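Trainee: A structural model of the following input is requested.
(chains A and B)
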Amino acid sequence: MNMVVCIKQVPDTAEVRINPETNTLIRDGVPSIINPYDVHAIEAALQIREKAGGKVTALTMGPPQAEVALREALSMGVDDAALLTDRAFAGSDTWATAYTLSKAIQLLGADIILCGKQAIDGDTAQVGPEIAEFLDIPHISYIRKIDEAGGGRIVVQRLMDDGFDVIESSLPVLLTVVRELNVPRLPSLKGKMAAKKAMIRKLTAADIGAEESSLGLRGSPTQVKNIFAPESRKDRKMLEGTIEEKVEALVRELVGLKCL
Amino acid sequence: MPIVVNKDTCTGCETCVSSCPYDAIVIREGKAEITELCQLCKACLGVCPEGAIRETGESGARREKSEGTGVWVFAEQRDGVIAGVSFELLGAGRRLADKLGTNLSAVLFGPNAAGPDELIKWGADRVFHCEDELFRNFNDEPFAALLSRLIGQHKPEIVLAGATPIGRSFIPRVAARLHTGLTADCTSLDIDGESRDLLQVRPAFGGNIMATILCPETRPQMATVRPRVMKRAEYDLSRNGEIVKVSAADVGSRTRVVETVKEVSEVAVNLQEANIIVSGGRGVGGEKGFHLLYELADALGASIGASRAAVDEGWIPYRHQVGQTGKTVGPRIYFACGISGAVQHLVGMQSSDIIIAINKNPEAPIFDVATYGIVGDLFEIIPLLTKRIREAKGL
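Mentor: As a prediction, this is how the structure comes out:
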């Protein structure tokens, strides 16, 4: 069983704050991490390998610094790591990112491709399904449990708004996973040592045989027009006085609005 | 690179450095420099006091603008019931179509005899309906294949779907196949008066910033839209429209739904449909504090919500969680009690009509989104408020 796990290095958005005076991000001391959902995807691949055998490759696209994320994946126990890095990839939206990753996956070969449900910086959840379309393979999103994997098929549970669906698919297949799926292991000391020394394969646009017009900014159908801070409410009324007066004022407002 | 620094006007003040979420701006020899880490997120544009950071014109005009007319809405259904978000999309789609002077179509997959007529009453001019049993359960491939085929045949300029588990899973396949742009989880949509392009606004970085996204050259412009954000149009019994039956010939699936298990939590349903929600955060202090909120909720006939902090502390189950990683709610009144207002919570409740914030910290960001703010100790305020509301309601 050949598996590829797509991971992304992201700023830890839980730590990002907006400076209300300048409307800019305050990023001081915000660490770069592996997208948390992707860590669960790595764990899922390792668990499948333990049962069915095979090989797990971690794949990421990003600047040379993204190698740090791959070494972290290696320390958890993935067998191999590949870094898609090329100036031609800069400015990719989800379409161009998925195209680029799909070309690399074609090169690496995979029976199961795993991705996190979404990345916490962009929150689009689009790259996984788009990769599956480019590869012309089925995909199943929001996997919360893997019941069976092997013998050319897979049975999984897909989390939905009102419960879950049990779904069977042929292989190859792409899965996007949610956090309920598993508890990721911590890197072992041995894993960390091995990760330090491991060779990371670098892939450029030429290596994956990508069409230049489909890469990076040029290959991206969407553009960011502008970025702004979420607006604060203009009709805000702070209620003043003693506790009794504040509560009284609130009840009066609610009665006035026919809310009671 | 399309974002550049004018070295003549840059003073090296470093304001831009901290604005970049990707560490892509460095100061070299007293001037800002944008490195290869740049993701073109544009967070730095407009930050520079000297106006030295700008975009170059390279980004536009890559290919000819493709053609399309009409606004389409994918009307999602599950178990033969059309999802509420579909009616919200028809409301949003109707406004966009009227602005563009074009028509509004809905697309419905799966058996539902009364569905097409219902969609027309909610604002659609035309409904494409495929009744094939293949669509009784949700599988990504057939949904993507048939929707792609219809779009290819009829060439709409805009396609909207709900940012639900279903929409967010299969719509990306459609966009990939049609080689067009897709914007996820939009919270606001409008038409640019000049270019007639769709302005798609969405939160990013966990809701810390909002981005306006364009899809300038390819058509259709596609977006998934967050449920409970758009307003429905009027339900109009006198509306008429065209119903187009669609066949599922040549559409297959390599996945199969073996079983569907319902785990409907009443709480979750209640939250999303609640008229009034009383929510608690870290300031509530524990399970005991939540008892006070239950009493208030009882007096108001409200549902109980919570911030992630309160859920993480184990004071209340996850199904009550409101926010980026919980439910998005839009009640008439939202009480935020002891909730500081982390952005990840705000994005889940900001569209509430009236927000009442009760917090002892006057600087808490929750007050920025509040309609009414009370600074003070919730352990004093809530019991008193409960008592006064009971009196006002004659309970």
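
Trainee: would you mind measuring from the closest residue to B:Val284 other than its chain neighbours to chain A?
Mentor: Distance criterion Cβ to Cβ, 6 or more residues apart in numbering or on different chains; nearest residue to B:Val284, sequence neighbours excluded, is B:Gly338 at 4.5 Å. For every residue, glycine as well, the C-beta is placed using N, CA and C. Noted for B:Gly338: a distance of 15 Å to chain A, by Cβ to the nearest Cβ, to the nearest Å.

Trainee: wait, what's in contact with B:Gly338?
Mentor: Neighbour list for B:Gly338: B:280-285, B:289, B:358-360, B:378 [criterion: Cβ atoms under 8 Å, 6 or more residues apart in numbering or on different chains].

Trainee: restricted to strands, list the residues you listed.
Mentor: B:280, B:358-359 (DSSP state E).

Trainee: and chain A, which of those residues reach it?
Mentor: Residues of the ones in strands among the contacts of B:Gly338 in contact with chain A (Cβ under 8 Å from any Cβ of the partner chain): none.

Trainee: center of the chain, which residue is that?
Mentor: Using chain A. The centre of chain A sits closest to A:Ala119, judged by Cα atoms, centre = their mean, with a distance of 3.1 Å.

Trainee: sorry, I should have been clearer: chain B.
Mentor: So for chain B, Cα atoms, centre = their mean, it's B:Arg226, sitting 2.4 Å from the centre.

Trainee: could you pull out the helices in the stretch 151-300 of chain B for me?
Mentor: With DSSP state H, counting those that start in this stretch as the criterion, the stretch 151-300 of chain B has helices at B:165-178, B:266-273, B:287-300.

Trainee: in a markdown table, list those helices along with distance to B:Pro365 and mean neighbour count.
Mentor: Listed next are the helices of the stretch 151-300 of chain B as a markdown table, based on distance: least, Cβ to Cβ, whole Å; neighbours: other Cβ atoms under 10 Å in any protein chain shown:
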| stretch | distance to B:Pro365 | mean neighbour count |
| --- | --- | --- |
| helix B:165-178 | 28 | 26 |
| helix B:266-273 | 22 | 17 |
| helix B:287-300 | 20 | 18 |
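
Trainee: so, low pLDDT: which residues of the stretch 101-250 of chain B?
Mentor: Along the stretch 101-250 of chain B, segments meeting pLDDT under 70 span B:206.

Trainee: can you give me the strands for it?
Mentor: For the stretch 101-250 of chain B, applying DSSP state E, counting those that start in this stretch gives strands covering B:104-109, B:126-130, B:158-162, B:182-186, B:188-191, B:198-204, B:209-214, B:221-225, B:242-245.

Trainee: and what of the stretch 151-260 of chain A?
Mentor: Along the stretch 151-260 of chain A, counting by DSSP E, counting those that start in this stretch, strands occupy A:153-160, A:163-170, A:173-177, A:201-203, A:223-228, A:237-239.

Trainee: columns mean neighbour count on top of these, output as JSON lines?
Mentor: Output for the strands of the stretch 151-260 of chain A, formatted as JSON lines (neighbours: other Cβ atoms under 10 Å in any protein chain shown):
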{"stretch": "strand A:153-160", "mean neighbour count": "21"}
{"stretch": "strand A:163-170", "mean neighbour count": "19"}
{"stretch": "strand A:173-177", "mean neighbour count": "28"}
{"stretch": "strand A:201-203", "mean neighbour count": "17"}
{"stretch": "strand A:223-228", "mean neighbour count": "18"}
{"stretch": "strand A:237-239", "mean neighbour count": "15"}
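
Trainee: ok, of those strands, where does mean pLDDT dip lowest?
Mentor: Of all the strands of the stretch 151-260 of chain A, the minimum mean pLDDT falls on strand A:223-228 (a mean of 86).

Trainee: and the residue of chain B that's closest to chain A?
Mentor: With Cβ to the nearest Cβ, the shortest gap between chain B and chain A falls at B:Gly181, namely 3.3 Å.

Trainee: next, count neighbours for that residue.
Mentor: Neighbourhood size, B:Gly181 [other Cβ atoms under 10 Å in any protein chain shown]: 26.

Trainee: what's it in contact with, if anything?
Mentor: A:93, A:95, A:220-222, B:175, B:213, B:215, B:218, B:221-222.

Trainee: now do the buried residues in the longest helix along chain B.
Mentor: Of all segments of type helix in chain B, defined using DSSP state H, the longest is helix B:84-100. Judged by neighbour count (16 or more other Cβ atoms under 10 Å in any protein chain shown), helix B:84-100 contains these buried residues: B:84-97, B:100.

Trainee: identify all contacting residues around the longest helix along chain A.
Mentor: Looking across chain A with DSSP H, the single longest helix is helix A:36-52. Outside helix A:36-52, the residues that touch it by Cβ under 8 Å, 6+ apart are A:1, A:3, A:5-8, A:34, A:54-56, A:58, A:73, A:76-78, A:112, A:114-120, A:143, A:146, A:149-150, A:175-179, A:181-185.

Trainee: what residues does the stretch 1-150 of chain B put near chain A?
Mentor: B:1-2, B:15, B:18-23, B:36-43, B:45-47, B:58-60, B:62, B:78, B:137-141, B:144.

Trainee: quick one: which of those residues sit in helices?
Mentor: When those are checked against helices using DSSP H, the ones located there are B:140-141, B:144.

Trainee: out of those, which is most surrounded?
Mentor: B:Asp140 (28 neighbours).

Trainee: now that residue: how far from A:Ala132?
Mentor: Shown here: B:Asp140 relative to A:Ala132, a distance of 8 Å by Cβ to Cβ, to the nearest Å.

Trainee: domain parsing for chain B?
Mentor: Here the domain assignment for chain B is B:3-59, B:71-245, B:266-392, based on automatic domain parsing.

Trainee: could you report the pLDDT at B:Val269?
Mentor: On the pLDDT scale, B:Val269 gets 64.

Trainee: also A:Gly150?
Mentor: 88.

Trainee: hang on, it packs against A:Gly54?
Mentor: No: here A:Gly150 lies out of contact with A:Gly54, judged by Cβ atoms under 8 Å, at a distance of 9.6 Å.

Trainee: so for these two, which residue has more residues nearby?
Mentor: Neighbour count, other Cβ under 10 Å: between A:Gly150 and A:Gly54, A:Gly54 has more, with 18 against 14.

Trainee: ok so, going back, let me have the contacts of B:Gly181 in a markdown table, extended by distance to B:Ala233.
Mentor: As requested, those are exported to a markdown table (distance: Cβ to Cβ, whole Å):
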| residue | distance to B:Ala233 |
| --- | --- |
| A:Asp93 | 31 |
| A:Trp95 | 31 |
| A:Ser220 | 33 |
| A:Pro221 | 29 |
| A:Thr222 | 27 |
| B:Ala175 | 26 |
| B:Ile213 | 24 |
| B:Cys215 | 24 |
| B:Thr218 | 28 |
| B:Gln221 | 21 |
| B:Met222 | 21 |
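
Trainee: which one (most neighbours) among those residues?
Mentor: Highest count within the contacts of B:Gly181 by other Cβ under 10 Å belongs to B:Ala175, 32 neighbours.

Trainee: how close does it get to B:Val159?
Mentor: From B:Ala175 across to B:Val159, the span is 9 Å (Cβ to Cβ).
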